[in-house]
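Student: Kindly generate the corresponding structure for this input.
(chains A and B)
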Amino acid sequence: MSARNRELMALVPVALLLTAGFAAVFAQKNSQLDNLSLIYGAYFFGVCLATHVFLRIRLPNADPYLFPLVALLMAFGLVMVYRIDASLARDQANWFVLGLVLFALTIHFLRDYDVLERYRYTIAVAGLLLLLAPRLPGIGQQVNGAYLGVKIGPLAFQPAEFSKICLVVFLASYLREHREVLIVGARRVLGITLPPLKHFGPMLVVWGASMFMLVFIRDLGSSLMFFAAFLALLYVATGRFSFVAIGMAMFLVGAWFFASTVPHVHDRVEVWLNPYTDPQGSGYQILQSIFAQADGGLFGKGFGQALITIPGTPAPLLPAAQTDTIYSLIVNELGLFGASAVILIYLLIAARGFKIALLADDGFSKLLATGLTAVFAIQAFVIIGGVTRAIPLTGVTLPFISYGGSSIVANFVLLALLLLISDRARRESAAASGGNDFFLEGSR
Amino acid sequence: MNRQIVKLFGLVVVLFAVLIGFTSYWSVFDARALKEKNANKRPLLEQQQIRRGRVLAADGTVIARSVAKGQGDALRYVRRYPEGSLYGHPIGYSFVQQGDSEFEKFHNDELVGNDSEFTSILDELRGRRQEGNDVVTNLDPAAQSTALADLEAAGFGAVVAIEPQSGRVRVMASNPSYDPNRVPYELSKLNTNEVETPLLDRATQGQYPPGSTFKVVTAAAGLESGTITPSTPIDAPGTLEVEGTPLENDFGESFPGATLDTALTNSVNTWFGQLGQRLGNDTLFEYMERFGFNSTPAIDLPAEEVYKSGVFNEEEELLGASDPVDLARVAIGQERLAVTPLQMAEVTAAIANGGKLMKPQIWSRVVDPDGRVTKRLDPSEYSQPISSKTAEELTTAMEGVVSEGTGTNAAIPGISVAGKTGTAETPGNAACGGGEEENQAWFIGFAPAEDPKIAIAATVECTEEFGNDVAAPIFRDVAETILNGE
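Tutor: Here you go, the predicted model:
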């Protein structure tokens, strides 16, 4: 079966799952089956089908599993958000369509994505400006002590979501060019392999940007995500674990320094370590997140069964259920099994992404695919780790599931880039092998 | 670079495995502990969304029910008690913020429908909300209101009425009571009312000196152990020197060569004091324990809300057979002997039931939302403290108390009544107006004597009257109400 036919086959069960999910939520809300779920399922399938046809024409060789997997996450997200608030789900569905439009535009205009390399410094500057934007007077917005949003007229978005793509593009391009000198120029000092300072300057800029985000944007989550993606790329490009270790040490020292000086960062860490100190105040969100999970058990309480607000009042029982803590809601309603399925989907997407990197021929493609996949996987880790108290809770979105337009649109652009790389890589390798195993099969 | 990419993927696998690990820890392994955290209001809030079953009296009168407030996600149920303070004890209350107590607490699992894990999983698959079961009690509304009205007229106190053959609790009244509907608004006020202590269920938590009613226990021990027979004579002087203090009969009356019937009919202190000394520690404590003293009564109320009866020392610790006690005074119900009305009702019920003590139970059956009876009380024996022969001999002596002795006010025309009065002197407490010596008045008894249908213990605190004056009439009214209702 050809790649595209496989994709089509995979989309059918996804659409059915969405239909079943809506049916379950309707059954819970109105105690009856509503054929509206069929209509929503048909809409969803129609949108997916249109995207599929577009891919069939434009990227016939692209990875066949990525889009169905992402559609599966979207289906999860739409049902969960609908279950929280129907009007939010309408926004979410619109962003889904908008995301797919940008997805198509990206594929259309960046068919030759090497052009990105030429504009890498422009892209890097754009990325930094995007990061800075929330602090600019007039358009910046502060949410929960962090400067995450930008509002220009009616258009509000979170620039960090787009900035992460710019950063990965820049790093992939820069490292492709300098990886040799970084490896060859490295010197051993006191048993530690140090990178050559000259070529490492721009890398320090990335570190600086992360620290800057920590302090001025107060966006702990994005800072962590960016820097982890940077280290992942550095490791893949150079193969030097010591570079990663140095980078990690630098980040930890910086983070520790700011954690003890910047109150916002300090509070986040404090709450993570001792949530029971102020269960009604600063510890409320993380504790309620964990309590919600404790209620889920193995199988969950079922769609629509979880309490999100204190009954009879608008006071939240699970704060930010549609964004930060949506994973806790999934654990509550679908149990450990449902939540593990979600994590598995992210893992499968990561597997496909890294597979694309393995298949890609040129360094830039390899690094770009690696970086995009890594930043995506780390984003999922940062927020799920946050709500499960594995790491401090910070406000990043759960990709494709959380309510939020910027996140969905930006991640669809990320997906478009991955599929572009995949199409080229598989076109070239199709002639050679023709093997099409789902899981990683190691290097070619 | 491919090797590094594969390694990086390996790291992602590990990281995601960590996430699954944390998720399983919270959702499964640590879930129970998390649900019990104080900061976690979720279990309470969820329980509020379940329609809790009703509590019904024996005749179907609704004692407690849940009413819906709000709709959809805001739906929650609030408890209502249509009968107000009549069943404040022993039914208690159940509210999300204030918690629960007494019968509502003990039968919580049945009332919220947690009793059958299997059905609830099936219901969940069918998408049905969990619903509570109704619990029907043995309480007799007419007798309960008679008891509470009589108590309100007489003073603080309690009445417990048990069906001897089954252990069914027909009446459990405690005065002052409280209206459970008011609990959400004035729980702290009720809690801090040191004078009336309305939240104290005096039937199960009131620890009173039993006075002469305890002579029934002493007599039971004497007969059953073979220390005496109904015809054994004991010389009872007007005053008996015990441990340096004189033990006196009422009006200093002496009863030379008295037998059990005479001694019980006239409540002769010196007779029972001597019997207690003849029994010795081991025998008296053995029979007390057989009747349920020194143990928490096996009633369907939370164990922490049902107090033990027995001999307590100055530190309020329960004493046993090996502790030195003044046996003569224990035998007549003094000497830091403290009993609950429930315990005395159990003693009475055991004698009425041919010596078999049945477990006292308030509940009668559990009815599921579809109207099916899912559980039914199966009366079970707690112990057999005495033989039926001893029970018969005691009954004869107790009939004399009502027909010609100290308990004549308990008599019901046309029905033979067996009983025993008690009047214990107590240091007055705050409720009595402080300081002064007051009486704890008792009456225990059952009727009809030849075929007992009901065994009752009634007590009134802080009264200047005797057991026959205030407690016996309560017994009579409650017994009459129950027997007329049969």
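Student: What ranges in the stretch 101-250 of chain A fall below the confidence cut-off?
Tutor: Scanning the stretch 101-250 of chain A with the threshold set as pLDDT under 70 gives A:141-148, A:153-154, A:190-192, A:202-203, A:214.
Student: residues in it within reach of chain B, list them.
Tutor: The stretch 101-250 of chain A comes close to chain B at residues A:Ala232, A:Tyr235, A:Val236, A:Ala237, A:Gly239, as judged by Cβ under 8 Å from any Cβ of the partner chain. Backbone N, C-alpha and C define where each C-beta goes, glycine included.
Student: What are the boundaries of the strands in chain A?
Tutor: Using DSSP state E, the strands found in chain A span residues A:140-143, A:146-152, A:155-157, A:187-189, A:192-194.
Student: Any of the residues of the stretch 101-250 of chain A next to chain B buried? List them.
Tutor: Neighbour counting with 16 or more other Cβ atoms under 10 Å in any protein chain shown marks A:Ala232, A:Tyr235, A:Val236, A:Ala237 as buried within these.
Student: Mind checking which of those are in helices?
Tutor: Applying DSSP state H to those, the entries found in helices are A:Ala232, A:Tyr235, A:Val236, A:Ala237.
Student: I figured the second one hits B:Val6, correct?
Tutor: No - taking contacts as Cβ atoms under 8 Å, A:Tyr235 lies outside contact range of B:Val6: 11.9 Å.
Student: On the pLDDT front, check the residue of the stretch 1-150 of chain A found nearest chain B for me.
Tutor: Nearest residue of the stretch 1-150 of chain A to chain B: A:Ala27, at 5.5 Å (Cβ to the nearest Cβ). Among the per-residue scores, A:Ala27 holds a pLDDT of 77.
Student: And the one 5 residues further on, by the same measure?
Tutor: The model reports A:Gln32 with a pLDDT of 64.
Student: repeat for B:Val96
Tutor: So B:Val96 comes in at 80 (pLDDT).
Student: which residues sit in contact with it?
Tutor: Residues near B:Val96 by Cβ atoms under 8 Å, 6 or more residues apart in numbering or on different chains: B:Leu44, B:Leu45, B:Gln47, B:Gln48.
Student: and B:Gln334, how far is that from B:Thr213?
Tutor: To B:Thr213, B:Gln334 is 12 Å away according to Cβ to Cβ, to the nearest Å.
Student: ditto for B:Phe475
Tutor: Taken as Cβ to Cβ, the span from B:Phe475 to B:Thr213 is 11 Å.
Student: which SS class is B:Tyr292?
Tutor: One correction, residue B:292 is Gly, not Tyr. Using DSSP: H, G, I helix; E, B strand; the rest coil, the structure places B:Gly292 in coil.
Student: quick one, what contacts it?
Tutor: Contacts of B:Gly292 by Cβ under 8 Å, 6+ apart are B:Ala298, B:Ser309, B:Gln343, B:Glu346, B:Val347, B:Leu357, B:Tyr382, B:Ser383.
Student: do B:Ala411 as well
Tutor: B:Val402, B:Ser403, B:Val417, B:Arg476.
Student: hmm, try it at 7 Å
Tutor: B:Val402, B:Val417 (Cβ atoms under 7 Å, 6 or more residues apart in numbering or on different chains).
Student: Next one: it relative to B:Ala173, how far apart?
Tutor: Distance of B:Ala411 to B:Ala173, computed by Cβ to Cβ: 22 Å.
Student: burial of A:Glu125, as a residue count?
Tutor: Wrong residue type there; residue A:125 is Val, not Glu. The tally of other residues near A:Val125 (other Cβ atoms under 10 Å in any protein chain shown) stands at 13.
Student: just A:Ile391 next, same as before
Tutor: A:Ile391 has 21 nearby residues by other Cβ under 10 Å.
Student: hang on, it packs against A:Ile383?
Tutor: No - if you go by Cβ atoms under 7 Å, A:Ile391 and A:Ile383 don't touch, sitting 9.7 Å apart.
Student: Can you mark which positions in stretch A:410-429 are buried?
Tutor: By neighbour count on 16+ other Cβ under 10 Å, the buried set for stretch A:410-429 is A:410-426, A:429.
Student: How about it and chain B, touching?
Tutor: No - judged by Cβ under 7 Å from any Cβ of the partner chain, stretch A:410-429 stays clear of chain B, getting no closer than 12.4 Å.
Student: For that stretch, give the mean pLDDT please.
Tutor: Mean predicted confidence for stretch A:410-429 is 92.
Student: Go ahead and name everything in contact with it.
Tutor: By Cβ under 7 Å, 6+ apart, the list of residues contacting stretch A:410-429 from outside reads A:59, A:61-63, A:66, A:70, A:99-100, A:102-103, A:106-107, A:110-111, A:113, A:161-162, A:165, A:353, A:356, A:359-361, A:365, A:368-369, A:372-373, A:376, A:399-400, A:444.
Student: Ends of stretch B:189-208, what's the gap?
Tutor: 25 Å (Cα to Cα, to the nearest Å).
Student: which residues sit against that stretch?
Tutor: B:89-90, B:102, B:157-158, B:160, B:172-174, B:176-178, B:301, B:305-307, B:338-342, B:430-431, B:440, B:459, B:461.
Student: What count of nearby residues applies to the residue of the stretch 251-400 of chain B found nearest chain A?
Tutor: Nearest residue of the stretch 251-400 of chain B to chain A: B:Pro369, at 15.6 Å (Cβ to the nearest Cβ). Neighbourhood size, B:Pro369 [other Cβ under 10 Å]: 14.
Student: which SS state does it fall under?
Tutor: B:Pro369 falls in the coil class when you classify it by three-state DSSP.
Student: Can you tell me the closest non-neighbouring residue to it?
Tutor: B:Glu131 (4.5 Å; Cβ to Cβ, 6 or more residues apart in numbering or on different chains).
Student: Is it correct that A:Ile378 is in contact with A:Phe230?
Tutor: No - if you go by Cβ under 7 Å, A:Ile378 and A:Phe230 don't touch, sitting 10.3 Å apart.
Student: For A:Ser210, see how far away A:Leu224 is.
Tutor: Distance of A:Leu224 to A:Ser210, given as Cβ to Cβ: 8 Å.
Student: Send me the strand or helix carrying B:Glu480 as CSV with only the CA atoms.
Tutor: According to DSSP states H and E, B:Glu480 maps onto helix B:467-485. In CSV, the C-alpha atoms belonging to helix B:467-485 read as follows (Å, rounded to 0.1, in the frame of the first residue of the first chain):
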residue,chain,number,x,y,z
GLY,B,467,-36.5,6.9,89.6
ASN,B,468,-40.0,5.9,90.3
ASP,B,469,-41.2,9.5,90.0
VAL,B,470,-39.6,10.7,86.7
ALA,B,471,-38.1,7.7,84.9
ALA,B,472,-40.8,5.0,85.5
PRO,B,473,-43.6,7.2,84.0
ILE,B,474,-41.4,7.6,80.8
PHE,B,475,-41.0,3.9,80.7
ARG,B,476,-44.7,3.4,81.0
ASP,B,477,-45.6,5.9,78.3
VAL,B,478,-43.1,4.5,75.8
ALA,B,479,-43.9,0.9,76.5
GLU,B,480,-47.6,1.6,76.2
THR,B,481,-47.1,3.4,72.9
ILE,B,482,-45.1,0.5,71.5
LEU,B,483,-47.4,-2.2,72.8
ASN,B,484,-50.5,-0.3,71.4
GLY,B,485,-48.8,-0.1,68.1
